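> Starting from these lines, generate the structure:
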Amino acid sequence: MIHLSQAAISEVSRLKARRNNPQLLFRLDVQPSACLTMAYAMSFDTAVQPHDQVYDCNGIQVVVDSSSVPILEGLVLDYSEDLMGGGFRFHNPNAIQTCGCGNSFSVTDDIVKECRGN
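Numbers count the residues shown, from 1 in each chain. Okay, the predicted model is just below:
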């Protein structure tokens, strides 16, 4: 399960409203990273693919590619603002190491194998 804090729900809703398309889906993804093994990626999408899993987080449809599900299982996405501006914060129980930026991370080899179907 993936969870969004109330602050994250508000920010995703605000960003979605700026695009003038209420049907947009919030896509959360994991991509390779040069800093650590992986990095979080967020975008809006118009369609669910056959290999996607959809989570309903208080009215926000969160779409995750099935290969990213084991890596993101239990993730809590938050949003906060400070003197440097606002940003999303990722609290991932599967991350064994996180970069100072908060967007790059590493997971155990077991989780990587699970994602690859080994």
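
> Let's see the pLDDT reported for the residue nearest the centre of the chain.
Nearest to the mean C-alpha position of the chain, by Cα atoms, centre = their mean, lies L28 at 3.7 Å. L28 is assigned 95 on the pLDDT scale.

> part of a strand, is it?
Yes - assignment of L28 by DSSP: H, G, I helix; E, B strand; the rest coil places it within a strand.

> tell me which residues in the longest helix seen in the chain are buried?
Looking across the chain with DSSP state H, the single longest helix is helix 6-18. By 16 or more other Cβ atoms under 10 Å, the buried positions in helix 6-18 come out as 7-9, 11-12, 16. No exception for glycine: its C-beta is placed from N, CA and C like everyone else's.

> any idea which of these is least confident?
Lowest confidence among those: K16, with 93.

> how much space between the closest residue to V76 other than its chain neighbours and L77?
Excluding the flanking residues, the one nearest V76 by Cβ to Cβ, 6 or more residues apart in numbering is H91, at 4.2 Å. Look at H91 and L77: by Cβ to Cβ, to the nearest Å, they are 8 Å apart.

> the more surrounded of these two?
Applying other Cβ atoms under 10 Å to H91 and L77 shows that L77 carries more neighbours, namely 26 against 14.

> quick one: contacts for that one?
2-5, 8, 28, 88-91 (Cβ atoms under 8 Å, 6 or more residues apart in numbering).

> of the residues you listed, closest to D82?
Checking these against D82 by Cβ to Cβ gives R89 as the nearest, at 10.5 Å.
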